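J.: just to be clear, the model below is a prediction. Sequence and coordinates:
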Amino acid sequence: MDFLLKNNNTITTVLSVVINSFFIYLVMFKSRTGMGGYREVLAATGFFEIFYSLLIIVSNQLLYISPDVYLVYMTPGAFFDNSFITIHIMAIKISCITLTYGILEVHFIYRYIAICKPHSMKNLSKTSWKIYLTIYIFFHGLIVYLVLSQLLYCDEDTRTNFEADFLKKTGLRIYDRAMICMTFTKGSDMVILRSYIADFLLFSISLYLTSVYFILGFLIVHYVISSPNRDSLANYFNDFLTHYFRRFSTFCIKGSIKLIG
């Protein structure tokens with residue numbers, strides 16, 4: 001048991017690499033050619049999961065929470081612990097969460113086009129469309145990365161305010177660690193202002209992400225109900241729901257593995 005606890009990151013990363021590599025092989029070489037560009041979306045999902053799993057190994061982060069502050073810092077002894085790029089590595093890892101949602105959005109977009117705009121399916125295999133979706137997904141992570149790295153870095157005055165409590169609870173000197181910091185009460189005026197701006201931006205991103213799912217889901221259901229070809233579409237829609245819940249379950253399982261890791 002001690003071995004599992006001490007090496008859980010390594011174990012989950014190895015499992016992720018093996019399972020997702022096999023998944024990519026099945027998608028690219030054993031799936032139906034009729035899936036078209038959607039095969040590449042599934043493969044990209046697998047590659048992303050491998051990338052995120054490897055990132056866990058080099059960026060094992062800890063979270064310090066008190067009534068006045070949220071602090072994210074690197075585990076002492078981690079690969080990038082207190083490097084000049086530490087805050088950027090932490091920001092990239094956290095931004096992978098929104099990248100995950102961006103990939104899930106693309107799954108919804110493909111399903112929407114397949115059900116509601118089937119005449120446009122041929123466009124999904126075009127290089128221009130693939131480039132657009134890649135930029136769209138990347139944009140999700142880029143915004144969060146910029147918010148975290150450019151707005152939520154911790155200045156010296158704020159470190160001083162939380163030095164004693166941080167040392168007492170973690171045994172670490174706050175001045176020795178690169179940190180992502182959000183506080184609305186005891187930080188310097190600039191840190192508090194940046195925290196409010198970052199909080200608004202992150203809330204807006206979350207609202208946008210959930211809105212996309214609800215809007216596309218509503219449009220798909222409305223189209224199926226109002227279409228004269230309800231019976232044939234209903235069968236396809238049942239397949240869509242089955243696929244959706246499988247994808248949702250997969251993301252929950254992978255999310256749990258990431259959380260444990």
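T.: Arrived safely.
J.: switch to C-alpha atoms for all contacts and neighbour counts from now on
T.: Will do.
J.: Leu216 reaches Tyr112, doesn't it?
T.: Yes - in this structure, Leu216 is within contact of Tyr112 by Cα atoms under 8 Å, at 6.6 Å.
J.: quick one: the strands in the stretch 151-261 of the chain, in order.
T.: Secondary structure of the stretch 151-261 of the chain (DSSP state E, counting those that start in this stretch): strands at 179-183.
J.: flag the shaky bits of it, pLDDT-wise.
T.: For the stretch 151-261 of the chain, the stretches with pLDDT under 70 are 227-261.
J.: where is the longest helix in the protein?
T.: Longest among the helix segments of the chain by residue count, using DSSP state H, is helix 189-226.
J.: run the chain-centre distance for that helix.
T.: 14 Å (Cα atoms, centre = their mean, to the nearest Å).
J.: any weak-confidence spans in the stretch 1-150 of the chain?
T.: For the stretch 1-150 of the chain (pLDDT under 70), the answer is 1-9, 32-36, 76-83.
J.: do that again at 80, thanks
T.: 1-11, 30-40, 56-62, 74-84, 114-115, 118-125 (pLDDT under 80).
J.: can you pull the buried residues of the longest helix of the chain?
T.: Using 16 or more other Cα atoms under 10 Å as the test for burial, helix 189-226 gives 191-195, 198-199, 202, 205, 209, 213, 216-217, 220-221, 223-224.
J.: who are the packing partners of that helix?
T.: When contacts are defined as 3 or more Cα pairs under 8 Å, 6 or more residues apart in numbering; DSSP states H and E, helix 189-226 packs onto helix 86-116, helix 127-151, strand 179-183, helix 230-260.
J.: can we see that at 6 Å?
T.: Helix 189-226 sits against no helix or strand, with contacts defined as 3 or more Cα pairs under 6 Å, 6 or more residues apart in numbering; DSSP states H and E.
J.: against Ile115, how distant is Tyr175?
T.: Computed as Cα to Cα, to the nearest Å, the Tyr175 to Ile115 distance reads 55 Å.
J.: which one of those two is surrounded by more residues?
T.: Ile115 (19 against 13; other Cα atoms under 10 Å).
J.: ok, now which ones touch Thr183?
T.: Shown in contact with Thr183 (Cα atoms under 6 Å, 6 or more residues apart in numbering): Asp68, Val69, Ile192.
J.: next up, the contacts around the residue nearest in space to the middle of the chain.
T.: With distances taken as Cα atoms, centre = their mean, the residue of the chain nearest its centroid is Ile97 (1.7 Å). Under the criterion of Cα under 6 Å, 6+ apart, Ile97 has no contact partners.
J.: for it, give its distance to Arg111.
T.: Taken as Cα to Cα, the span from Ile97 to Arg111 is 22 Å.
J.: can you check Ile220 too?
T.: 8 Å.
J.: ok, Ile56 next?
T.: 31 Å.
J.: the two: which is more packed in?
T.: Remark: of Ile56 and Arg111, Arg111 carries more neighbours, 22 against 19, as counted by other Cα under 10 Å.
J.: can you tell me the element the residue nearest to Lys93 when sequence neighbours are not counted falls in?
T.: Among residues not flanking Lys93 along the chain, Leu55 sits closest, at 6.8 Å (Cα to Cα, 6 or more residues apart in numbering). Per DSSP states H and E, Leu55 falls inside helix 38-58.
J.: perfect, that will be all.
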